[in-house]
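Trainee: Below are the sequence and a predicted model for it; my questions follow.
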Amino acid sequence: MRVALLTYSTKPRGGVVHTLNLAEALADLGVHVTVWSLARGGDGGFFRPVDPRVRCRLVPFPDHEDESVTDRIIRSIDALREHFTPGEYDVVHAQDCISANAVERCVRTIHHLDRFTTPILVECHEKAIVTPYARICVSRAVAGEVHYGWGFAPTVIPNGVAAQRFATAAADTQAAVAARRRWRERLGPYVLAVGGIEPRKGSVDLLAAYGRLRRERPDLRLVFAGGETLFDYRDYRAEFERVRADLELEPVVLGPVAEDELPALVAACDVFAFPSTKEGFGLAAMEALAAGRPVVARELPILREVFGDAVTYAADVPALAARLVDALTPDPARTAAGRALAESLTWDAAARAHVEFYRSHPAPG
């Protein structure tokens with residue numbers, strides 16, 4: 001079986017992490033996998049090494065100064081469409097709106113649904129749901145949204161989790177302890193959020209909650225890691241800066257963190273904050289559970305479905321601040337439940353489910 005997995009970026013966004021892990025797990029099963037992506041800004045490869053059994057095809061995509069978000073997305077679709085060679089594959093599997101628009105006749109994983117106001121982006125989003133001949137979602141909640149909005153019935157295949165990688169970072173080995181100590185010496189005690197500063201991640205709400213939290217724990221810092229996106233969040237970043245200044249806060253914004261340093265950063269935090277307003281699964285929070293960290297998540301049906309009682313939930317800023325304080329007190333039972341949940345979700349199981357799906361949903365014609 002020859003499978004093409006298509007994604008829009010080489011950076012460590014959730015969908016890209018999903019794509020690479022799925023590709024490698026499929027290769028373990030003997031599938032011939034090629035990952036296609038745009039090489040934004042001259043990237044020479046993905047954010048981490050990829051198993052050599054997985055072929056990587058990167059489409060050149062130079063930056064254009066002062067390009068609008070809409071124009072960048074249209075150019076992304078056109079570039080991927082121009083270079084992609086569909087005849088080489090038995091299965092073409094798009095992981096996002098851009099790649100689904102570029103190839104059209106494909107399997108599509110709908111990780112989450114977006115809401116756009118720009119007519120062209122609305123059209124792209126719609127086409128990426130309607131045009132594929134088969135659909136996968138990583139949670140029942142998102143599949144339900146797709147069914148409610150369009151009448152389709154996607155197959156649910158949960159994400160896998162590289163649980164051992166984060167569990168190893170939380171271990172008592174000399175190397176793991178030293179790696180965690182380096183972050184603690186740099187940051188002190190901290191609340192961590194991974195995913196950058198953007199509306200979908202609830203960053204402003206977390207900042208406001210941190211303002212309340214500091215009244216009880218003035219020694220605790222707020223750390224944001226990650227953050228690469230196609231979209232223009234300047235207005236949201238301006239709101240973030242306004243709230244920061246009003247509350248006289250100094251959060252640490254690390255930006256992208258090296259792949260080999262991320263597990264220790266997660267394992268060393270006091271609490272992992274996950275106040276996203278929209279998610280399809282919550283891979284970053286699942287990795288935190290694998291590292292034995294307490295997680296405070298937004299009160300969302302999708303997160304209740306995926307995480308159950310392994311995390312605590314908050315519906316608004318006051319509740320988020322209160323739950324973060326509560327999470328500073330160890331809860332061994334919840335920690336054990338979180339680790340068990342993360343370990344139960346393997347990329348091998350996800351890959352086997354995908355192979356079965358591919359065989360039962362052949363491309364029409």
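Mentor: Done, it's in.
Trainee: Which other helices and strands does the top strand by length along the chain contact?
Mentor: Under DSSP state E, the strand in the chain containing the largest number of residues is strand 32-40. Taking 3 or more CB pairs under 8 Å, 6 or more residues apart in numbering; DSSP states H and E as the contact definition, the neighbouring helices and strands of strand 32-40 are strand 2-6, helix 14-28, strand 55-61, helix 69-83. Using the backbone N, CA and C atoms, a C-beta is placed for each residue, glycine as well.
Trainee: I'd like the ones you listed written out as JSON lines, with mean neighbour count and mean pLDDT added.
Mentor: Putting those into JSON lines (neighbours: other CB atoms under 10 Å; pLDDT from 0 to 100) gives the following:
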{"stretch": "strand 2-6", "mean neighbour count": "22", "mean pLDDT": "98"}
{"stretch": "helix 14-28", "mean neighbour count": "22", "mean pLDDT": "95"}
{"stretch": "strand 55-61", "mean neighbour count": "16", "mean pLDDT": "95"}
{"stretch": "helix 69-83", "mean neighbour count": "17", "mean pLDDT": "92"}
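Trainee: Of these, which is nearest Ser37?
Mentor: When these are ranked by proximity to Ser37, the top entry is strand 55-61, at 5.7 Å, counting by CB to CB.
Trainee: Please state the offset of that closest one from the chain centre?
Mentor: Relative to the mean C-alpha coordinate of its chain, strand 55-61 is positioned 21 Å out (CA atoms, centre = their mean, to the nearest Å).
Trainee: Repeat that for stretch 114-128.
Mentor: The gap between the average C-alpha position of stretch 114-128 and the chain average comes to 20 Å, counting by CA atoms, centre = their mean.
Trainee: Just the residues contacting that stretch, thanks.
Mentor: 69-70, 73-74, 77, 94, 96-98, 100-101, 104, 108, 113, 278 (CB atoms under 8 Å, 6 or more residues apart in numbering).
Trainee: related to what we said a few turns ago, could you dump the helices and strands packed on strand 32-40 into JSON lines with distance to Thr346 added?
Mentor: Compiled in JSON lines, the helices and strands packed on strand 32-40 are given as follows (distance: least, CB to CB, whole Å):
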{"stretch": "strand 2-6", "distance to Thr346": "18"}
{"stretch": "helix 14-28", "distance to Thr346": "8"}
{"stretch": "strand 55-61", "distance to Thr346": "23"}
{"stretch": "helix 69-83", "distance to Thr346": "30"}
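Trainee: one step back: report the buried residues of the longest strand of the chain.
Mentor: Residues of strand 32-40 classed as buried by neighbour count (16 or more other CB atoms under 10 Å): 32-40.
Trainee: that older thread, what's the closest of the contacts of stretch 114-128 to Leu324?
Mentor: Within the contacts of stretch 114-128, distances to Leu324 taken as CB to CB reach their minimum at Lys278, with 20.6 Å.
Trainee: wait, what's in contact with the closest one?
Mentor: The neighbourhood of Lys278, defined by CB under 8 Å, 6+ apart, consists of 112-114, 200, 300.
Trainee: Following the chain onward from the helix or strand harbouring Ala128, which element is next?
Mentor: Element membership for Ala128 (DSSP states H and E) is helix 119-130. Using DSSP H and E, the next helix or strand after helix 119-130 towards the C-terminus is strand 134-137.
Trainee: counting contacts, what elements does that following strand pack onto?
Mentor: Strand 134-137 is packed against strand 107-110, helix 140-150, strand 155-156, helix 347-360, with contacts defined by 3+ CB pairs under 8 Å, 6+ apart.
Trainee: Can you tell me which of these is nearest to Val243?
Mentor: helix 140-150 (29.2 Å).
Trainee: and the angle from that closest one to helix 119-130?
Mentor: With axes from the mean of the first three to the mean of the last three CA atoms, to 10 degrees defining the directions, helix 140-150 sits at 110 degrees from helix 119-130.
Trainee: My read is that Ala288 contacts Val266, right?
Mentor: Yes - under the criterion of CB atoms under 8 Å, Ala288 makes contact with Val266 at 5.3 Å.
Trainee: what do those two both touch?
Mentor: The overlap between the contact sets of Ala288 and Val266 (CB under 8 Å, 6+ apart) consists of 166, 192, 272.
Trainee: From Tyr210, how far out is Ala245?
Mentor: Ala245 is 14 Å from Tyr210, where distance means CB to CB, to the nearest Å.
Trainee: One more: Ile157?
Mentor: Distance from Ile157 to Tyr210, by CB to CB: 35 Å.
Trainee: Which one's more surrounded, those two?
Mentor: Neighbours around Ile157 and Tyr210, counted as other CB atoms under 10 Å, are more numerous at Tyr210. The numbers are 25 against 20.
Trainee: Please identify the buried residues of the helix or strand in which that one is found?
Mentor: Tyr210 is located in helix 203-213, with elements delineated by DSSP H and E. Neighbour counts over helix 203-213 (16+ other CB under 10 Å) mark 203-213 as buried.
Trainee: mind giving me TSV with the residues you listed and columns for distance to Val295?
Mentor: Converted to TSV, those look like this (distance: CB to CB, whole Å):
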residue	distance to Val295
Ser203	16
Val204	20
Asp205	16
Leu206	13
Leu207	18
Ala208	19
Ala209	14
Tyr210	16
Gly211	21
Arg212	19
Leu213	15
